[in-house]
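J.: Give me a model of this one.
(chains A and B, ligands or ions: 1)
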Amino acid sequence: MSDDVFILGINMTKFGKHPDKDTTDLGAEAALAALDDGGVTIRDIDVIGAGNLLGGPGGFGQMLQKQIGQTGVPVYNVQNACATGATALRTAIMAIKAGEAQMGLAVGVEKLSGAGLLAGGTAKDDDGTWTPSGRYGAITGTDGRIGTVTMPGTFAQIGMQYLHEHAYSGAEFELFARISQKNHAHSTLNPLATYTEELSLEQIMGDFMVAYPNTRPMCSANCDGAAAAVVVSGEKLRTLSAEQQARAVKVRASVLTSDPWAEGCQVLPDVNTLTRRAAAQAYEAAGVGPEDLDLVELHDCFATAELVHYDNLGLCEPGGAVDFFESGAPYRDGSTPVNVSGGLQSKGHPVSATGIANIWEVCHHLRGEAGPRQIEGARLGLAHVIGLGSACGVHILEAPAAA
Amino acid sequence: MTRIPIVDYLVLEPEPHLRAHECTHCGARYFGRRNACASCGGRSFTDTDVATEGEVEAFTIVSFAAPGIPVPFVAAIVDCDGTTVQGNLLEVEPSPEHVHLGMKVRLATASLGEDANGDEGITFGFAPIDQGSAS
Ligand SMILES: [Zn+2]
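T.: Take a look at the predicted model:
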């Protein structure tokens, strides 16, 4: 019944420090560039999905409209942790699939430069007494006293748990450092990444240890950035120019999941089950398998996270993530290139932008426009994001039909 | 002077142990209060004691934390006979040479110091079993 949905225009800003631009400036920059890329204007847009976490109160989508065009169309302001951008995109896609819109705009933006640890922090008692409060009757902050809830520590444990489950006996620190080394090597070809320097294993392992086994370059970089996409129904696309149709990327699957209950998820977030479910649903919707993918952008918020998602996305045999990595498969010249953009460890992770920026990277290759880092002949790609809490977005995208 | 546990699921008497809210329908266990069971939707819970010995199934050594938290410290996920528990590792050097996946541990407590009333806050963690304590 439902027609296909296509990405007509897409853009990501340079990730890094943008001290002279505010949240709305960055969002507007990406949105206007995405409209230009699609050859349309804000007057063609029927619905807007807008994602931002840290810009303060007030609807980011409406603030954006005041800069790029107040046309009166519905705006959905969304927040879904690190999956916020993917959620904004999926909101626009759902509106098209529901038949309520023919063309939608999704924008994700974050200003994070200089931000420290996300999550964590410990409140001190003010009155000088041990007084229980909250759902755990805690008398003081528990982070750092009863384990850790910071992102680096959480994802470190997630990677270590995978190694324990699969009885890994090698050098764990070096394994994860080499995954990071791969992504930093990939980043040298991406001018929009925050860090574009190749790092040696010694540099990565010798850097500041944030949460063993993740050193600083093995953690995603806090930075500023925005990304935006214009999506269009197949029906509408057929009325557009041949040039527009020739660059339109087909959305073969668009999936969002949350985490089902699992034993232990109350103390260590389970990022695996919801990713596995999202991947399975996406492969089924697209009618393809992981072996058909020409490239994957997955959510490597930490080096330890990348490893578990090889398995969660079905890129390897169950339990075979280490072998998959050691085989060279996820390198840009391997059988399933993963994070050829440099990943979040080098590209940076402006939270709400990430879920659209990953799709921009995949589209760039599928359109054959990725320049020196082009994966030759890429026809099918997958973009994955996960936000703790949790939310997981998976999109499978297909190259425009050959002219 | 009273001893006050850091969280209400740490029970100090007669011997320190953790107590979970267990769903009477499906057996899912929670340390925090729940309005209904996240696993099955059941609304009745019973208190149950958690095993005090377990195995480290994941750990990290945190060297960057909020002000007031001594670093580095070892945070771990411990499988206590089927119930997953989070806690710091105590009585062990915070270095990868001294901590390993699968190590056997037991519940242990430590003082958080006295408050203005002279009451002592007590936290918990896990200490290695059958290994030389380094600290
Ligand atoms: Zn239940």
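
J.: Going by C-alpha atoms from here, please, whenever you check contacts or count neighbours.
T.: Fine.

J.: now residue A:364, nearest residue through space, not along the chain?
T.: Ranked by Cα to Cα, 6 or more residues apart in numbering or on different chains and with sequence neighbours excluded, the top spatial neighbour of residue A:364 is residue A:370, at 5.2 Å.

J.: One more: residue B:33?
T.: Residue B:33 sits nearest to residue A:135 (Cα to Cα, 6+ apart), 5.4 Å away.

J.: and what of residue A:183?
T.: Going by Cα to Cα, 6+ apart, residue A:183 has residue A:342 as its nearest residue, at 4.5 Å.

J.: OK, contacts around that neighbour?
T.: A:183, A:184, A:185, A:186, A:187, A:188, A:190, A:193 (Cα atoms under 8 Å, 6 or more residues apart in numbering or on different chains).

J.: So for the residue in chain A that the ion sits nearest to, what's the nearest residue that isn't a sequence neighbour?
T.: Residue nearest to the ion within chain A: residue A:261 (10.0 Å; Cα to the ion). Distances taken as Cα to Cα, 6+ apart place residue B:39 nearest to residue A:261, at 5.3 Å, with adjacent residues excluded.

J.: which SSE is the one you found in?
T.: Under DSSP states H and E, no helix or strand contains residue B:39.

J.: pretty sure it contacts residue A:262?
T.: Yes. Judged on Cα atoms under 8 Å, residue B:39 makes contact with residue A:262 at a distance of 7.5 Å.

J.: Please say which of the two ends up with more neighbours.
T.: residue B:39 (16 against 13; other Cα atoms under 10 Å in any protein chain shown).

J.: now that one: how far from residue B:86?
T.: 19 Å (Cα to Cα, to the nearest Å).

J.: Can you tell me the number of residues neighbouring the nearest residue to residue A:401 once chain neighbours are set aside?
T.: Leaving aside its chain neighbours, residue A:401 sits nearest to residue A:246 (7.0 Å; criterion: Cα to Cα, 6+ apart). The tally of other residues near residue A:246 (other Cα under 10 Å) stands at 15.

J.: Can you check the pLDDT for residue A:246?
T.: For residue A:246, the model assigns a pLDDT of 97.

J.: Over to the one 10 residues further on?
T.: Residue A:256 is assigned a predicted lDDT (pLDDT) of 98.

J.: roughly how far apart are it and chain B?
T.: 19 Å (Cα to the nearest Cα, to the nearest Å).

J.: For residue 94, give me the pLDDT.
T.: Reading this off chain A. At residue A:94, pLDDT is 98.

J.: You answered for a different chain; I wanted chain B.
T.: 97.

J.: and the spatially most central residue of chain B, what does it touch?
T.: With distances taken as Cα atoms, centre = their mean, the residue of chain B nearest its centroid is residue B:87 (4.1 Å). For residue B:87, the contacting residues are A:145, A:146, A:147, A:148, B:75, B:76, B:77, B:78, B:124, B:125, B:126, by Cα under 8 Å, 6+ apart.

J.: Now the two most distant members of these.
T.: Between any two of the contacts of residue B:87, the greatest separation by Cα to Cα is 14.9 Å, found for A:145 and B:78.

J.: Show me which of these two is the more surrounded one.
T.: For residue A:145 versus residue B:78, neighbours defined as other Cα under 10 Å are more numerous around residue B:78 (31 against 22).

J.: Stretch B:97-117 spans what distance, first to last residue?
T.: This stretch, stretch B:97-117, spans 41 Å end to end (Cα to Cα).

J.: Could you give the average pLDDT over it?
T.: 95.

J.: Report whether it contacts chain A.
T.: Yes. Against chain A, stretch B:97-117 shows contacts by Cα under 8 Å from any Cα of the partner chain at B:101, B:102, B:115, B:116, B:117.

J.: Just the buried positions in the host helix or strand of residue A:176, please.
T.: Assigned by DSSP H and E, residue A:176 belongs to helix A:172-187. Buried positions in helix A:172-187, judged by neighbour count with 16 or more other Cα atoms under 10 Å in any protein chain shown: A:173, A:175-187.

J.: wait, which of these is closest to residue A:139?
T.: For the buried residues of helix A:172-187, the residue nearest residue A:139 by Cα to Cα is residue A:173; the value is 35.2 Å.

J.: Was I right to think that closest one contacts residue A:213?
T.: Yes. Counting by Cα under 8 Å, residue A:213 is a contact partner of residue A:173 at 5.3 Å.

J.: Find residues that contact each of these two.
T.: Common neighbours of residue A:173 and residue A:213 (Cα under 8 Å, 6+ apart) do not exist.

J.: Pass me the low-pLDDT residue ranges in chain B, would you?
T.: B:131-135 (pLDDT under 70).

J.: the strands in it, which residues?
T.: Using DSSP state E, the strands found in chain B span residues B:3-5, B:10-11, B:17-23, B:29-30, B:45-50, B:53-62, B:73-80, B:83-89, B:104-114, B:120-128.

J.: of all those, which lies closest to residue A:28?
T.: Comparing the strands of chain B by Cα to Cα, strand B:53-62 comes nearest, at 38.3 Å.

J.: what angle separates that closest one from strand B:83-89?
T.: 50 degrees (axes from the mean of the first three to the mean of the last three Cα atoms, to 10 degrees).

J.: helices and strands around strand B:53-62, which ones?
T.: For strand B:53-62, the packing partners by 3 or more Cα pairs under 8 Å, 6 or more residues apart in numbering or on different chains; DSSP states H and E come out as helix A:151-165, strand A:209-212, strand B:73-80, strand B:104-114.
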